[in-house]
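Novice: coords below, sequence missing:
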């Protein structure tokens with residue numbers, strides 16, 4: 001099983017998700033602005049959010065992923081987002097990063113802190129050599145965030161993703177240990 005600890009930054013706590021986080025996960029995974037570039041169907045019910053949290057937590061057991069909830073230190077129970085290292089491939093010492101943040105918390109540099117904490121955990125505790133991010137080419141905010149935190153643009157996978165009846169390109173960025 002993967003090592004999985006809470007992490008801290010000056011303004012965030014990265015902690016395991018619990019069933020109590022389901023209302024915020026439901027909001028994030030049904031919010032059109034958040035889901036615009038995720039390429040998955042939005043959640044419809046609280047039960048779906050609870051199932052998603054259980055699924056994410058189960059991935060730790062199989063060494064496939066680690067997903068943290070993001071919260072402020074003064075209110076660690078109040079979820080404001082998520083960040084994960086997933087698609088972990090121990091043999092190749094690589095994985096992918098993914099994240100979402102509540103609209104009220106965007107534009108404050110918080111996700112940059114979370115990306116740094118997750119990357120440090122990946123390169124340290126998980127012994128990764130490469131962390132990749134795959135994003136929609138129109139997601140300029142995420143591309144800027146990744147560039148600010150050492151992720152280099154590596155290429156464009158043409159029409160590599162099929163969602164809602166259409167093919168979409170995928171921008172690949174990565175950061176090395």
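Specialist: Thanks, I have it. Predicted model only: the values in this text are computed from it and were never measured.

Novice: Which secondary structure state does residue 64 sit in?
Specialist: Three-state assignment for residue 64 (DSSP: H, G, I helix; E, B strand; the rest coil): coil.

Novice: Check the spacing between residue 35 and residue 150 real quick.
Specialist: Note on residue 35: its distance to residue 150, by CB to CB, to the nearest Å, is 27 Å. Where you see a C-beta, it was placed from the backbone N, CA and C, and this is true even at glycine.

Novice: err, residue 48, not the other one
Specialist: Taking CB to CB, one finds residue 48 at 34 Å from residue 150.

Novice: just residue 89 next, same as before
Specialist: The spacing between residue 89 and residue 150, counted by CB to CB, is 20 Å.

Novice: in this structure, which spans are helices?
Specialist: 22-28, 32-35, 46-61, 110-124, 140-148 (DSSP state H).

Novice: Give me the helices and strands touching the first one, please.
Specialist: Judged by 3 or more CB pairs under 8 Å, 6 or more residues apart in numbering; DSSP states H and E, the packing partners of helix 22-28 are helix 46-61, strand 75-89.

Novice: got the buried residues for it?
Specialist: 22, 24, 25, 26, 28 (16 or more other CB atoms under 10 Å).
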